[in-house]
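Asks: Show me how the following folds:
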Amino acid sequence: MKFKSIVENKWWQEIIILIFSFILFTLNDWILILSWRGFYSGLVYFFILYSHAQVNRYFLLPVLLKKHRPVLYLLMTVSLLFVFSVILYETSTEFLYKNCFLYKSAHQKSYQFQVATLVGTLICILGTFLMLEHYRDQKKRTNKKLLYNQIQLNALKGQLNPHFLFNTFNTLYGISLQYPERTSDMIMKVSQLMRYQVENGNKEFVSLQDELEFISSYIELERERVGYRCDIDFQQDVDFESNYKIAPMLLITFIENAFKHGACTIENCYVNIKINTSEDKIYLVISNSIPTKKKKIVSTKIGLKNTMERLAILYPEKYILDIKQGELKYEVNLEIDLN
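Replies: A predicted model of the protein is given here:
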């Protein structure tokens, strides 16, 4: 398992390919390393070869893979090959050969030999990187699908959460006795919650506006349930004209967690929620009180764990999650790049 984790790690893959290609194109039978000066000369030689492959990988290859322009990529590759072949030939001729004997035969000092070496290095390094990228992408897709199915199962189990329904119907019953004119609105909010879960829970992405309407309905229900003893503040400043998309039931986990632990006491408590968008990013800031006399809450923490895994898979390197827990305060700061 340890060896597998090392092999699948991106940085270990980079190091392994670097060492392998250095041995293949430098420490072999057609480059003579007979001294430390020869070794340093071999490093310089390999650095040029490796730089050529990396420039193609990071600057030219996206033209082919992302912009789908093969002719332009081919022309740019040939141009880059010409530039680096001149650099490699001049460096070898003017510096490396004068300080150290690297090659066995004279033809290995020719311009054609340097071009062939550059092409061979490019195919070897670039091909290996592409194969590993494809492997990582396929594994990510498989993990995403498996996690998605697991989340779907958990969503189905949570749609009819007995505890949530019990509190909701108790709230509706109390409101119907004291404020009968508000009962219809509350029933409509419960209906919207259940409908959203059923209709959108199986989608990969939904509109941000729909997600926030669902969150607002949930907070209103919680306000009716615990608002008389808990200070609830909900603010949102969202640009709906940008038609952002977001994974469904992603933000609600943190909000539900805040009410579950922040409003679980009759003491003075608070739940503050702020959601805003700026420059194609959404920001969620939640803070809730932690009671001094904690009431025992049954929690498997599966929902929070799955949400973090979904973030890592759906928004790789595009989110920042910071959770701080003090003695009297619990904070969540989440930033997601929606572009």
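Asks: any weak-confidence spans in the stretch 151-300 of the chain?
Replies: 151-168, 170-171, 174-175, 178-179, 201-202, 264-267, 293-300 (pLDDT under 70).
Asks: change it to 50
Replies: Scanning the stretch 151-300 of the chain for pLDDT under 50 picks out the ranges 156-157, 159-161, 298-300.
Asks: need the strands for it, in chain order.
Replies: Under the criterion DSSP state E, counting those that start in this stretch, the stretch 151-300 of the chain carries strands at the ranges 206-207, 230-237, 245-246, 269-278, 281-289.
Asks: of all those, which lies closest to residue 114?
Replies: For the strands of the stretch 151-300 of the chain, the distance to residue 114 is smallest for strand 281-289, at 47.0 Å, taking C-beta to C-beta. Just so you know, the C-beta spots here come from the backbone N, C-alpha and C atoms, and that holds for glycine as well.
Asks: Using CSV, write out every CA atom in the closest one.
Replies: Extracted C-alpha coordinates of strand 281-289, given in CSV (Å, rounded to 0.1, in the frame of the first residue of the first chain):
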residue,chain,number,x,y,z
LYS,A,281,-15.8,32.6,-6.6
ILE,A,282,-18.3,31.9,-3.9
TYR,A,283,-17.5,32.5,-0.2
LEU,A,284,-19.3,30.8,2.7
VAL,A,285,-18.6,32.0,6.2
ILE,A,286,-20.3,30.3,9.1
SER,A,287,-19.8,30.8,12.8
ASN,A,288,-21.9,29.3,15.6
SER,A,289,-21.7,29.2,19.4
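Asks: Show me which residues of the helix or strand that it is followed by are buried.
Replies: Where DSSP states H and E defines the elements, the next helix or strand beyond strand 281-289 is helix 302-314. Using 16 or more other C-beta atoms under 10 Å as the test for burial, helix 302-314 gives 303-304, 306-307, 310-314.
Asks: mind listing the helices in the stretch 101-250 of the chain by residue range?
Replies: 111-159, 162-178, 183-200, 208-226 (DSSP state H, counting those that start in this stretch).
Asks: Deepest-packed of these, please.
Replies: Across the helices of the stretch 101-250 of the chain, averaging neighbours per residue (mean count of other C-beta atoms under 10 Å) puts helix 208-226 on top, at a mean of 19.
Asks: list the helices and strands it packs on?
Replies: helix 162-178, helix 183-200, strand 230-237, strand 245-246, helix 252-262, strand 269-278 (3 or more C-beta pairs under 8 Å, 6 or more residues apart in numbering; DSSP states H and E).
Asks: Serialize the ones you listed to TSV and add fields for distance to residue 289.
Replies: As requested, the helices and strands packed on helix 208-226 are exported to TSV (distance: least, C-beta to C-beta, whole Å):
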stretch	distance to residue 289
helix 162-178	19
helix 183-200	25
strand 230-237	9
strand 245-246	28
helix 252-262	5
strand 269-278	4
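Asks: Show me the one of the ones you listed that comes nearest residue 119.
Replies: Using C-beta to C-beta, the helices and strands packed on helix 208-226 put strand 245-246 closest to residue 119, at 42.8 Å.
Asks: what's next to that closest one, contact-wise?
Replies: Applying C-beta atoms under 8 Å, 6 or more residues apart in numbering, the contact partners of strand 245-246 are 205-208, 211, 282, 336, 338.
Asks: What of stretch 123-141?
Replies: Contacts for stretch 123-141 (C-beta under 8 Å, 6+ apart): 8, 10, 13, 17, 21, 24-25, 50, 53-54, 56-57, 61, 313, 316.
Asks: For those, which two are the farthest from each other?
Replies: Using C-beta to C-beta, the two most remote members of the contacts of stretch 123-141 are 25 and 313, lying 36.5 Å apart.
Asks: returning to that earlier point: just put the buried residues of helix 302-314 in a markdown table and tack on pLDDT.
Replies: Shown next, in a markdown table, are the buried residues of helix 302-314 (pLDDT from 0 to 100):
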| residue | pLDDT |
| --- | --- |
| 303 | 65 |
| 304 | 77 |
| 306 | 75 |
| 307 | 81 |
| 310 | 79 |
| 311 | 84 |
| 312 | 82 |
| 313 | 77 |
| 314 | 81 |
